[in-house]
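J.: Starting from these lines, generate the structure:
(one chain, ligands or ions: 1)
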Amino acid sequence: MASPRGEFSSRFGFLMAAAGSAVGLGNIWGFPTNAASNGGAAFLFAYLLLAFALAYPALMAELIIGRHARANGVTALRTIATGPKSKLFGSVVGGLGIVTVSFILSFYAIVSGWMLAFLLQPIADVAGLEALSDWLTVDGILRNSIFVISFMLLTIFIISAGVKEGIEKWATRLMPSLVLILVLLIGYVFTLPGAMEGLRAYLVPDFTVFAKPGLLVSAMGQAFFSLSLGVGTMLVYGSYISKNENLPVIGSLVALLDVGIAVLAGLLILPAMYVALASGVEIFDAQGGLIAGPGLIISVLPALFDNMGAIGGFVAFAFFALMTIASLTSSISMLEVPVSFVVESQGVRRPAAAMLLGSIIAVISLVIVFNFDLLFEWVVTVTTEMSQPLLGLFFCLFTGWIWNRSAILEEIKQGSPQAASGFFWRVWPFYIRFICPAAIIIVYLQ
Ligand code: PHE
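T.: Numbers count the residues shown, from 1 in each chain. Got it, this is the predicted structure:
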């Protein structure tokens with residue numbers, strides 16, 4: 001028999017877990033450079049608008065379905081289906097979500113493994129292990145394999161312990177540490193030459209970018225990936241929320257935390273990049289844009305830390321601790337999606353399911369590591385640019401067109417008795433029926 005379902009023990013626990021899922025590599029290396037290359041505060045403004053007008057309604061759909069069904073993605077969608085056809089559609093969407101999130105985790109774990117290797121490097125330096133220190137920062141199949149496996153073992157370890165003792169316990173420890181490290185790093189970087197120029201590049205608005213056709217599209221893609229939408233992560237976390245919680249309120253807190261930390265990350269990354277520039281590091285790519293993505297994290301910033309002298313080791317350690325925490329609180333939310341399905345539908349015990357599924361995903365990661373040039377970009381594109389938005393669309397269609405409206409209201413009313421007359425209920429159903437699907441289709445066609 002499957003073990004009884006877990007539940008988050010407090011609002012804070014859920015918020016840390018959900019914000020932990022949302023805040024990840026996407027926020028730290030995606031958002032800041034995207035903003036700086038696209039009109040600074042103007043992009044920020046567009047991002048805020050889209051996060052609240054489009055991503056938040058989609059997030060709410062997942063949270064409401066999850067809490068109503070109190071089950072994994074596949075079972076939850078089948079529960080709210082209204083006939084054999086929509087049940088089948090539910091199984092397909094839930095199943096695709098599980099497959100997609102497993103492949104997202106397979107590449108995410110590789111990058112997270114790099115973060116772990118870079119975290120150990122300053123320690124190897126202090127210990128005087130020069131050869132090890134070099135090996136840790138040089139790209140190689142052996143290093144990548146060892147660290148992807150180590151990172152997956154950490155993820156499996158936390159998920160094996162369950163909702164309260166694993167996800168909630170670690171998220172409530174790690175997320176406050178993440179914010180603390182972030183704030184300390186910002187404070188330090190602000191004292192260095194070049195930082196103010198970075199701040200200007202990040203924040204001075206250039207509203208002419210609104211004329212750029214791709215701006216809203218890229219802001220929306222960022223918002224969907226960042227809020228972990230479409231693949232059932234938030235649905236599963238929603239299924240562990242107490243029935244006494246006010247869903248519209250905690251959903252908006254999650255969105256606020258995610259956006260807030262992305263904005264904070266910008267206050268670190270952009271000033272740090274311009275400090276690096278002032279110390280002679282190249283921060284622009286061949287097209288003249290700011291170096292973004294993995295290149296930013298594993299080449300630009302380490303070069304800066306190297307130039308900092310003795311304190312560089314501490315700063316590097318703090319920075320890669322930040323990155324590792326951000327990755328780990330996201331990766332656990334990804335592994336929870338297939339694990340909850342296997343535990344609930346096959347009656348497998350949680351630790352066994354976590355080990356089995358984690359190992360399968362680690363094997364996929366290793367296949368990617370061994371064929372990196374061939375597979376990495378491809379897996380990223382298929383999962384995050386093709387599958388994720390499409391699944392986001394299906395979730396909106398399910399909630400807006402298939403699920404019974406009065407059942408949705410009943411669910412929201414638990415924990416928010418006045419919901420029927422509130423602002424959320426007046427606006428959200430229309431959004432999820434028309435605006436969200438239309439917007440996703442527009443993005444998809446681009
Ligand atoms: N939101 C995470 C990030 O910003 C990524 C993620 C995607 C997590 C999908 C879970 C599911 O890095």
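J.: So what touches stretch 165-181?
T.: When contacts are defined by CB atoms under 8 Å, 6 or more residues apart in numbering, stretch 165-181 is touched by residues 8-9, 12-14, 16-17, 19-20, 23, 157-161, 261, 264, 318-319, 321-322, 325-326, 328-329, 332-333, 336. (Each C-beta comes from the backbone N, C-alpha and C, glycine too.)
J.: Spit out the contact partners of the residue in the chain that the ligand sits nearest to.
T.: Closest residue of the chain to the ligand, CB to the nearest ligand atom: residue 24 (2.3 Å). For residue 24, the contacting residues are 108, 226, 228, 326, 327, 329, 330, by CB under 8 Å, 6+ apart.
J.: Need the phi and psi values for it.
T.: Per-residue torsions, residue 24: phi -150, psi -160 (degrees, to the nearest 10).
J.: Please apply the same query to residue 404.
T.: Phi and psi for residue 404, reported as degrees, to the nearest 10, are phi -70, psi 130.
J.: Count the residues that sit near it.
T.: Residues within reach of residue 404, counting by other CB atoms under 10 Å, total 10.
J.: Quick check: it vs residue 436, distance?
T.: 19 Å (CB to CB, to the nearest Å).
J.: which parts of the stretch 51-200 of the chain sit against the ligand?
T.: 101, 104 (CB under 6 Å from any ligand atom).
J.: cool, and the stretch 201-350 of the chain?
T.: Close to the ligand, as judged by CB under 6 Å from any ligand atom, the stretch 201-350 of the chain has residues 225, 226, 228, 231, 233, 330, 333, 334.
J.: will you turn those residues into JSON lines that also has neighbour count and secondary structure?
T.: As requested, these are exported to JSON lines (neighbours: other CB atoms under 10 Å; DSSP: H, G, I helix; E, B strand; the rest coil):
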{"residue": "225", "neighbour count": "24", "secondary structure": "helix"}
{"residue": "226", "neighbour count": "25", "secondary structure": "helix"}
{"residue": "228", "neighbour count": "29", "secondary structure": "coil"}
{"residue": "231", "neighbour count": "31", "secondary structure": "coil"}
{"residue": "233", "neighbour count": "27", "secondary structure": "helix"}
{"residue": "330", "neighbour count": "25", "secondary structure": "helix"}
{"residue": "333", "neighbour count": "27", "secondary structure": "helix"}
{"residue": "334", "neighbour count": "27", "secondary structure": "helix"}
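J.: of all those residues, which two lie farthest apart?
T.: 226 and 334 (13.9 Å; CB to CB).
J.: Look up the pLDDT of residue 299 for me, please.
T.: Per-residue pLDDT puts residue 299 at 88.
J.: mind listing the helices for the stretch 1-150 of the chain?
T.: 11-22, 25, 31-37, 41-50, 56-69, 73-80, 84-126, 130-137, 141-160 (DSSP state H, counting those that start in this stretch).
J.: Report the inter-axis angle for the last one versus helix 84-126.
T.: Relative orientation of helix 141-160 and helix 84-126, computed by axes from the mean of the first three to the mean of the last three CA atoms, to 10 degrees: 120 degrees.
J.: Need the contact partners of helix 141-160.
T.: Contacts of helix 141-160 (CB under 8 Å, 6+ apart): 105, 109-110, 112-114, 116-117, 135-136, 166-167, 170, 327-328, 331-332, 335-336, 339, 350-351, 354-355, 358-359, 361-362, 365-366, 369-370, 372.
J.: now swap in the shortest one and tell me
T.: Helix 25 has contacts (CB under 8 Å, 6+ apart) with 108, 111, 112, 323, 326, 327, 330.
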